[in-house]
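>>> my questions concern the predicted model and sequence given below.
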Amino acid sequence: MSVAVQCVECPSFYFPFNKEFSKREIWKTTATIGRPFEEARQSLKVLSRECSEANWDGYNALPITENTFEEARKIIELLPTSIPMPEILAEPCGEIGFEWRKGKRLIFVISVEGKYRINYAGIFGSNKIHGSEYFGEMLPSVVIENLRRLFYR
Amino acid sequence: MDQIKPEEYLTRYIFHKNHFSATQKRPKYVVFLPSPRGETSVFCISDLSDNEIWNIGDREVAQKRGLPLLGRADILAFHVLNKNLKLIPDNCPPRHANIINWPAEKSEQKLIAMELAENSQLCLK
């Protein structure tokens, strides 16, 4: 079986960002795409070992809960295959953050805290955005749009 | 230390390997996010040598927390004050201060922390 995915160098080719083509589906069928997906899952496992107890950062950070880890796993599965895997970070208030950085002042970050709410912030040169959105079975369109803005514009 | 001036340098000590990129030589935004109590602990490092800065981190922070000191993010106080944050020195221990007055919205905190990280310099131990 073969699967067509968007080339990161070809912004004109629009990949349908929907559930049918989620990372999880494609990961099951291809080894090449599955590798970063699996690495992201491994990063989460490491965070789960290191940040599940209070004060893991030395500054009284809250522990990351299992609900938050579960939600972070879901985010990874929902990410479009055309978007590079983010850096996965533990935040002091118990959230898990996902950071995409293309260069100096070109950054987009989202985080989850086990409440099906995404907090996001982005720096695109001299433009800045931030906000929050609830999500369910799909990533909020504002997240997808800003990732496209970061990588394809 | 009564008041920290914009031209003074601050440092934030780093204890988690996830909080910096060694290859890109930059601290990540999480380094500057406030603690659950709404403050970011920093030290004023103006007029200190590199060794003295590391000694403060080891003696006053790492040993008390029982965590190995991995690095630090140095930043000009100007960048903090420029974001409508406040720097409150408590000198406990000496040269210690807290960054307070963070906005309530977590997304806005994130944006500010990202800007602080962009304007800071990573130093690895």
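Sure, I can see it.
>>> could you tell me which residues of chain A lie near chain B?
A:47, A:50, A:55-62, A:87, A:89-95, A:97, A:99, A:101, A:104-105, A:107, A:109, A:111, A:119-123, A:128-132 (Cβ under 8 Å from any Cβ of the partner chain). (Each C-beta comes from the backbone N, C-alpha and C, glycine too.)
>>> and with 7 Å instead?
A:57-62, A:89-93, A:97, A:99, A:104-105, A:107, A:109, A:111, A:119-121, A:123, A:128, A:130-132 (Cβ under 7 Å from any Cβ of the partner chain).
>>> drop anything exposed from the residues you listed.
Buried subset of these (neighbour count, 16 or more other Cβ atoms under 10 Å in any protein chain shown): A:57-59, A:61-62, A:89-93, A:97, A:99, A:107, A:109, A:111, A:119-121, A:123, A:130-132.
>>> any idea how far residue B:39 lies from residue B:102?
Residue B:39 sits 8 Å away from residue B:102, going by Cβ to Cβ, to the nearest Å.
>>> right, I mislabeled it, should have said residue B:91
In terms of Cβ to Cβ, residue B:91 sits 21 Å off from residue B:102.
>>> between the two, which has more neighbouring residues?
Legend: neighbour count by other Cβ atoms under 10 Å in any protein chain shown for residue B:91 and residue B:102, higher for residue B:102 (22 against 11).
>>> verify the contact between the more buried one and residue B:36 for me.
No. When contacts are counted by Cβ atoms under 7 Å, residue B:102 is not listed as touching residue B:36 (11.5 Å).
>>> what about residue B:30, how many neighbours?
With neighbours defined by other Cβ under 10 Å, the count for residue B:30 comes to 27.
>>> sec struct for it, please.
Look at residue B:30: counting by DSSP: H, G, I helix; E, B strand; the rest coil, its state is helix.
>>> tell me the spacing between it and residue A:88.
Distance from residue B:30 to residue A:88, by Cβ to Cβ: 11 Å.
>>> which residue is the nearest non-sequential neighbour of residue B:6?
Once flanking residues are discounted, residue B:6 sits nearest to residue B:78: 3.9 Å by Cβ to Cβ, 6 or more residues apart in numbering or on different chains.
>>> kindly report the same for residue A:72.
Take residue A:72 and drop its neighbours on the chain: the residue closest to it by Cβ to Cβ, 6+ apart is residue A:96, 4.3 Å away.
>>> what distance do you get for the one you found to residue A:124?
Residue A:96 is 23 Å from residue A:124, where distance means Cβ to Cβ.
>>> and the two? which has more neighbours close in?
Between residue A:96 and residue A:124, counting by other Cβ under 10 Å, residue A:96 is the more crowded of the two (26 against 16).
>>> biggest helix in chain B by residues?
Longest helix in chain B, counting residues (DSSP state H): helix B:106-118.
>>> after that helix comes which helix or strand?
Once the chain leaves helix B:106-118, the next helix or strand it forms, by DSSP states H and E, is strand B:121-124.
>>> hmm, who's touching that following strand?
B:20, B:22, B:25-27, B:71-74 (Cβ atoms under 7 Å, 6 or more residues apart in numbering or on different chains).
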